[in-house]
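In: let's see this in three dimensions:
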Amino acid sequence: MCVWRRGGEELYTVQTFCMPVAKWPDLEAEVNNWITHHKNNRISVFAKMIIFKMRVKMRICAVAGTTL
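Out: Residues are numbered from 1 along each chain as shown. Next up, the predicted model:
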């Protein structure tokens, strides 16, 4: 599980506990860009919004039968 933290001008992830390599690295990169875009436009981003965004994207890929 990754937690997004704001450090200066850069958004970075902090591992909350030891895990193997991410299963969805493209999804994490896309969500990271989405968060950065919202933060730059001064739009609030909540944890529930991030979870919802990831679930929707995963469902779209599952239905379409594609990967990210």
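
In: quick one: mean pLDDT for the longest helix seen in the chain?
Out: Counting by DSSP state H, the longest helix found in the chain is helix 47-64. Helix 47-64 carries an average pLDDT of 83.

In: mind listing what's buried in it?
Out: For helix 47-64, the buried set under the neighbour-count rule, 16 or more other C-beta atoms under 10 Å, comprises Ile50, Lys53, Met54, Lys57. C-beta: built from backbone N, CA, C; applies to glycine.

In: quick one: the helices in this structure?
Out: Going by DSSP H, the chain shows helices at 25-40, 47-64.

In: kindly export the longest helix of the chain (C-alpha atoms) in PDB.
Out: C-alpha atoms of helix 47-64 as PDB (Å, rounded to 0.1, in the frame of the first residue of the first chain):
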ATOM      1  CA  ALA A  47      -8.200   9.500  -0.100                       C
ATOM      2  CA  LYS A  48     -11.700   8.400  -1.100                       C
ATOM      3  CA  MET A  49     -11.300  10.200  -4.500                       C
ATOM      4  CA  ILE A  50      -8.000   8.400  -5.200                       C
ATOM      5  CA  ILE A  51      -9.500   5.000  -4.300                       C
ATOM      6  CA  PHE A  52     -12.600   5.700  -6.500                       C
ATOM      7  CA  LYS A  53     -10.400   6.800  -9.400                       C
ATOM      8  CA  MET A  54      -8.300   3.700  -9.200                       C
ATOM      9  CA  ARG A  55     -11.300   1.400  -8.900                       C
ATOM     10  CA  VAL A  56     -13.000   3.000 -11.900                       C
ATOM     11  CA  LYS A  57      -9.900   2.700 -14.000                       C
ATOM     12  CA  MET A  58      -9.400  -1.000 -13.100                       C
ATOM     13  CA  ARG A  59     -13.000  -1.800 -13.900                       C
ATOM     14  CA  ILE A  60     -12.700  -0.100 -17.300                       C
ATOM     15  CA  CYS A  61      -9.600  -2.200 -18.100                       C
ATOM     16  CA  ALA A  62     -11.300  -5.400 -16.900                       C
ATOM     17  CA  VAL A  63     -14.400  -4.800 -19.000                       C
ATOM     18  CA  ALA A  64     -12.400  -3.900 -22.100                       C
END
